[in-house]
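A.B. asks: pasting the structure only:
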């Protein structure tokens, strides 16, 4: 390769390097801070193609979009002196690349560390005046807005704006959790004991009502049975009386046969009778035809 070609290639390479060091692109989601020897010169926040002094000026890109910062869990003392382990997160936006760069040096780790400390301080300050009941209520937006405003007040000179602060999770410390579980268990046991007592009382009442109903029904049945039995006996007596009055001989024979039926029912029945007894007269002497007229 000749010296001319080497020189031309070197010139082209220098031009490419110069253009790369001179031109830069700003995306719609970006904003750029131009520094010269480490000192801020200007801020470019419009999308497009721009130029800077090569090798002298540097373009530092910053995101325009919302950024997230997740805070580690920390213990917070509430307004009613209760302790909570609170996990939270914040969403922020870089509003001034110049202040952002001047305050923290433009490093993301530096600004996130500062933001974590500020949000943690705002959480402690605001939640320190609020009881647990308010924190657990559904209408927590005013509380979160107060924490956000306090964080913005403390971050006013850092070139960022805290858009939102949210509590992801809030737990009781381990020692408090055990105590709460024991209180909940004791409360459930008291409720169960009351339910069992109410059930036993209701059961006794049902049994008593059932026994009372059974007693009344049995008494009514016995009374009805006695009445029917009395009516039956009266009817039988009436029938016997009418039969006796119509045919005394037949009635006498029928009664004697009934006595035979009950008195001679056993296989080895012994009867002691006087010689003049007429008890067996119908077994030894059949009745006359007039005593039992044909039907």
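C.D. replies: Yep, that arrived. Everything numeric here is computed off the predicted structure, so don't read it as measured data.
A.B. asks: the one helix or strand residue 251 maps to packs against which elements?
C.D. replies: Residue 251 is part of helix 248-263 when elements are defined by DSSP states H and E. When contacts are defined as 3 or more CB pairs under 8 Å, 6 or more residues apart in numbering; DSSP states H and E, helix 248-263 sits against helix 174-246, helix 281-284. For glycine as for every other residue, the C-beta is placed from the backbone atoms N, C-alpha and C.
A.B. asks: okay, and for the chain, where does confidence drop off?
C.D. replies: Applying pLDDT under 70 to the chain picks out residues 1-2, 4, 7-20, 105-108, 174-183, 243-244, 262-267, 269-295.
A.B. asks: let me see the domain layout of it.
C.D. replies: 3-63, 67-171, 187-243, 247-261+279-295 (automatic domain parsing).
A.B. asks: quick check: which of those is buried the most?
C.D. replies: Of the domains of the chain, the one with the most neighbours on average (mean count of other CB atoms under 10 Å) is domain 67-171, at a mean of 16.
A.B. asks: off-centre distance for that one?
C.D. replies: In terms of CA atoms, centre = their mean, to the nearest Å, the centre of domain 67-171 is found 31 Å from the chain centre.
A.B. asks: can you give me the end-to-end span of it?
C.D. replies: End-to-end span of domain 67-171 (CA to CA, to the nearest Å): 26 Å.
A.B. asks: so who does residue 61 touch?
C.D. replies: 30, 31, 32 (CB atoms under 8 Å, 6 or more residues apart in numbering).
A.B. asks: same deal with residue 64?
C.D. replies: Counted by CB under 8 Å, 6+ apart, residue 64 has contacts 28, 29, 30, 31, 45, 93, 94.
A.B. asks: again, only using 10 Å
C.D. replies: 27, 28, 29, 30, 31, 45, 47, 93, 94, 95, 97 (CB atoms under 10 Å, 6 or more residues apart in numbering).
A.B. asks: whichever helix or strand residue 31 is part of pairs with which strands, and in what direction?
C.D. replies: For residue 31, the host element (DSSP H and E) is strand 30-36. Applying DSSP bridges to the sheet, strand 30-36 is found paired with strand 39-44 (antiparallel), strand 57-63 (antiparallel).
A.B. asks: do you have the strands of the stretch 1-150 of the chain handy? List them.
C.D. replies: All strands of the stretch 1-150 of the chain, identified by DSSP state E, counting those that start in this stretch, fall at 23-26, 30-36, 39-44, 48-51, 57-63, 67-70, 74-77, 83-94.
A.B. asks: now those as TSV including distance to residue 198?
C.D. replies: As requested, the strands of the stretch 1-150 of the chain are arranged in TSV below (distance: least, CB to CB, whole Å):
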stretch	distance to residue 198
strand 23-26	75
strand 30-36	70
strand 39-44	75
strand 48-51	79
strand 57-63	64
strand 67-70	50
strand 74-77	41
strand 83-94	37
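A.B. asks: of all those, which one is nearest residue 242?
C.D. replies: Among these, the nearest to residue 242 by CB to CB is strand 83-94 (101.5 Å).
A.B. asks: can you give me the angle that closest one makes with helix 174-246?
C.D. replies: 120 degrees (axes from the mean of the first three to the mean of the last three CA atoms, to 10 degrees).
A.B. asks: if we can go back for a sec, the helix holding residue 251: how far from the chain's middle?
C.D. replies: Counting by CA atoms, centre = their mean, helix 248-263 comes out at 85 Å from the chain centroid.
A.B. asks: report the angle between the axes of it and helix 174-246?
C.D. replies: Using the same axes, to 10 degrees: helix 248-263 against helix 174-246 is 140 degrees.
A.B. asks: let's have the domains of the chain in CSV, adding distance to residue 268.
C.D. replies: Shown next, in CSV, are those (distance: least, CB to CB, whole Å):
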stretch, distance to residue 268
domain 3-63, 124
domain 67-171, 96
domain 187-243, 32
domain 247-261+279-295, 16
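A.B. asks: how about the strands paired with strand 30-36, which one is nearest residue 132?
C.D. replies: strand 57-63 (37.2 Å).
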